[in-house]
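Chemist: Predicted coordinates and the sequence they were generated for:
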Amino acid sequence: MTEKNISGEQYFTANPNAEHHYQNFDFDLLGHELHFTTDSGVFSKSTVDFGTRTMLDALEKTSIPIGKVLDLGTGYGPVGITVAKAYQRHVDMVDVNERALDLARKNAQQNGVAQQVNIFNSDVYASISDKYALILVNPPIRAGKQVVTTMLQEAANYLQDGGKLIAVLQKKQGAPSAQKNMSLAFGNAQVIHKNKGYYILESTYGTNTDI
Ligand SMILES: C[S@@+](CC[C@H](N)C(=O)[O-])C[C@H]1O[C@@H](n2cnc3c(N)ncnc32)[C@H](O)[C@@H]1O
């Protein structure tokens, strides 16, 4: 996705040209006090997004298969960094926004997980060739339905057997239709947690859940 595809300055712009306005804040996620630097031109720059927090909290309510994790649409990195820290996993963190990727690298460094993460540009799955135990996504609703649907439906191609896709969406921003799309791609999709209109959806790839 390139800047010419969109009008105005959006958080999913490849190279935001908004004047820098760095912010620093601490946030407790899954029992870890983390320090984040954010900037203008990235998603939820003032604090960790409520949907993101709700998705991370939901990880404690489900089982997480062993293996590598993909943080799809990482932004400044709160999801991947928290999972690397709390679950001692290797995490690939991808985005199309170069400013967000630079912040994610800085944040991985300042939270001591730089050795556990690999941060790179990928337009949805375009630069992904691995298979993961877990794909986590707080999808970019403003990037449009096609991007969101691709993120959810094509996840099945990038999961190892028994791997999970976990996504957060607001009910009013299409959680029920996202659940249908996930169900079509995986044959299963459950709401594992709900909080203030945010749904945490989970699909498991290639399991024998219906046997
Ligand atoms: C809702 S934000 C979530 C950011 C971060 N995970 C968080 O929880 O704060 C969605 C992210 O998806 C990224 N994004 C938008 N379009 C994308 C695409 N085609 N491929 C990969 N990432 C994309 C945006 O730049 C943004 O950082």
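Modeler: Nice, I can see it. Residues are numbered from 1 along each chain as shown.

Chemist: those strands in this protein, which residues are they?
Modeler: For the chain, the strands defined by DSSP state E cover 23-29, 32-38, 69-72, 91-95, 117-121, 132-137, 159-170, 190-195, 198-204.

Chemist: Mean pLDDT, distance to the ligand and mean neighbour count added to these, as JSON lines?
Modeler: C-betas here are computed from N, CA, C, even on glycine. Shown next, in JSON lines, are the strands of the chain (pLDDT from 0 to 100; distance: least, Cβ to the nearest ligand atom, whole Å; neighbours: other Cβ atoms under 10 Å):
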{"stretch": "strand 23-29", "mean pLDDT": "98", "distance to the ligand": "11", "mean neighbour count": "13"}
{"stretch": "strand 32-38", "mean pLDDT": "98", "distance to the ligand": "9", "mean neighbour count": "18"}
{"stretch": "strand 69-72", "mean pLDDT": "98", "distance to the ligand": "6", "mean neighbour count": "26"}
{"stretch": "strand 91-95", "mean pLDDT": "98", "distance to the ligand": "5", "mean neighbour count": "26"}
{"stretch": "strand 117-121", "mean pLDDT": "98", "distance to the ligand": "8", "mean neighbour count": "18"}
{"stretch": "strand 132-137", "mean pLDDT": "98", "distance to the ligand": "7", "mean neighbour count": "24"}
{"stretch": "strand 159-170", "mean pLDDT": "98", "distance to the ligand": "8", "mean neighbour count": "22"}
{"stretch": "strand 190-195", "mean pLDDT": "97", "distance to the ligand": "15", "mean neighbour count": "15"}
{"stretch": "strand 198-204", "mean pLDDT": "98", "distance to the ligand": "12", "mean neighbour count": "24"}
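
Chemist: Out of these, the one nearest Asp57 is which?
Modeler: Smallest distance to Asp57 across the strands of the chain (Cβ to Cβ): 7.2 Å, for strand 190-195.

Chemist: who touches the residue nearest the centre of the chain in this structure?
Modeler: The residue lying closest to the centre of the chain (Cα atoms, centre = their mean) is Val137, at 3.0 Å. Residues counted as contacts of Val137 (Cβ atoms under 8 Å, 6 or more residues apart in numbering) are Asp71, Leu72, Gly73, Met151, Leu152, Ala155, Leu165, Ile166, Ala167, Val168.

Chemist: Does the second one touch Val124 like I think?
Modeler: Which is Leu72. Yes: look at Leu72 against Val124 with Cβ atoms under 8 Å: they come within range, at 7.4 Å.

Chemist: Mutual contacts of those two, please.
Modeler: Residues touching both Leu72 and Val124 by Cβ under 8 Å, 6+ apart: Met151.

Chemist: circling back to that earlier point, go through the strands of the chain and name the closest to Thr13.
Modeler: That would be strand 91-95 among the strands of the chain, by Cβ to Cβ, at 10.9 Å.

Chemist: Right, I'll leave it there.
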